[in-house]
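Novice: missing the sequence, but the structure's below:
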Ligand code: NAD
């Protein structure tokens, strides 16, 4: 489905309606959750390197804060829109509720292609955007994190800008206004790989339940940024080789398997996989038809429609990206018996370790990697088990099970608290 026709938020509302039925969600709770609480749009000027002034559009969508402060990433991409961010913000509410993390859901970003900006321009965009958001974010109110087009450096700029707008005496208590920071500036060990690590825990649980040996298996990965590259590295450790990759610059195939370390280094230096010599260029169409065991979408939403789903020749799709399958694509996969580990579960390792980072900042602690990894593994395996059991017992898809469990937690909290006043 073309980007213009695709209504991501409507798709998420469709899942919400289906899941609501399986947990008898009261009508008034479904009504509250059907829209975000706050939708903020800001416009801010930035002086570019060539002396021109550009006006940028930034967003922060706060879906729900019943279970804790709003939480969710900041995306820098030319396609950023209100509709997409509303969908992504609501998914953060479901993720935190499913993982039993005391956060709500939010998402934001700037409509810009970050690849066309210099580092200095990106820094200025981030600082002016943070300034424009002002008191609409905060360490106990709304806590951004990295997403597409942003990274640990972006988060440090947000943190520094925010810190410099509050009083001197409380400056250092503000570091947890964002998560996903660099280690030196208050980040957590294990955060960079957390989303992919969580996804790999889901894949290993899925394989264990089926006595399916992952050693010697193959994967194709769309998106080779934070989530895609770490997924390739972690799968490689389990003996799964990545034989095809794709990103905004194109698609590459290497039947022998890519060296994920070298490819990640190349992307770090060049910004994309394009031009990497240890693989041959293929079309997007060819990529989706490559025979492999796993497909990890780790780019954007609405990437797998009917045609891609018919072409896919894999056993499992584990969603690193948010919303990579559109409903038509999902229906085809279901009909073909290709299993899906849904985004709300499979990529929730990121927000889980963000929560660990937030706690460490709050307590002035710094946990070692083993502790972070162990805590993440426990959370992921528990959530995985709950989703699979629900899906089996109620006869619903893994996605609807994940949504339903999240809605179950929100339903209980709304019933205990009532509606103000
Ligand atoms: P990133 O910016 O590090 O990487 C994004 C990748 O997608 C890049 O390789 C980029 O080239 C590729 N891409 C962009 N447009 C594309 C297109 N049109 N076709 C093919 N590839 C394209 O972002 P990320 O943090 O790795 O996020 C990837 C996905 O994972 C997103 O859906 C994001 O919401 C989701 N996610 C990220 C996190 C996190 O912790 N970073 C957590 C949960 C979910």
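Specialist: Looks like it came in fine. Here the structure is a predicted model, which means the values were calculated and not measured.

Novice: only C-alpha atoms from now on, for both contacts and neighbour counts.
Specialist: Will do.

Novice: what's stretch 398-408 in contact with?
Specialist: Outside stretch 398-408, the residues within contact range by C-alpha atoms under 8 Å, 6 or more residues apart in numbering are 15-16, 18-20, 22-23, 25, 94-98, 340-345, 387-388, 390-391.

Novice: isn't there a strand covering residue 101?
Specialist: No: Residue 101 is assigned coil when assessed by DSSP: H, G, I helix; E, B strand; the rest coil, not a strand.

Novice: residue contacts, it?
Specialist: 352, 355.

Novice: now it: how far from residue 256?
Specialist: As judged by C-alpha to C-alpha, to the nearest Å, residue 101 and residue 256 stand 40 Å apart.

Novice: do residue 106 as well
Specialist: Taking C-alpha to C-alpha, one finds residue 106 at 41 Å from residue 256.

Novice: for these two, indicate the residue with more neighbours.
Specialist: Between residue 106 and residue 256, residue 106 has the larger neighbour count (other C-alpha atoms under 10 Å), namely 33 against 13.

Novice: against residue 156, how distant is that one?
Specialist: 19 Å.

Novice: repeat that for residue 292.
Specialist: The spacing between residue 292 and residue 156, counted by C-alpha to C-alpha, is 38 Å.

Novice: how many residues are close by the residue of the stretch 301-421 of the chain found nearest the ligand?
Specialist: Residue nearest to the ligand within the stretch 301-421 of the chain (C-alpha to the nearest ligand atom): residue 321, separated by 3.3 Å. Neighbourhood size, residue 321 [other C-alpha under 10 Å]: 27.

Novice: how about it: what's its closest non-neighbour residue?
Specialist: Spatial nearest neighbour of residue 321, excluding adjacent residues (C-alpha to C-alpha, 6 or more residues apart in numbering): residue 298 at 4.3 Å.

Novice: same check, this time on residue 73
Specialist: Once flanking residues are discounted, residue 73 sits nearest to residue 145: 4.3 Å by C-alpha to C-alpha, 6+ apart.

Novice: so what's that neighbour up against?
Specialist: For residue 145, the contacting residues are 71, 72, 73, 74, 155, 178, 179, 180, 354, by C-alpha under 8 Å, 6+ apart.

Novice: kindly reformat those as TSV containing neighbour count.
Specialist: Listed next are the contacts of residue 145 as TSV, based on neighbours: other C-alpha atoms under 10 Å:
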residue	neighbour count
71	34
72	34
73	29
74	25
155	25
178	31
179	32
180	34
354	30
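
Novice: these: which ones sit near the ligand?
Specialist: Applying C-alpha under 6 Å from any ligand atom, the subset of those adjacent to the ligand is empty.

Novice: can you tell me which of the residues you listed are in helices?
Specialist: Mapping these onto helices (DSSP state H) picks out 155, 354.
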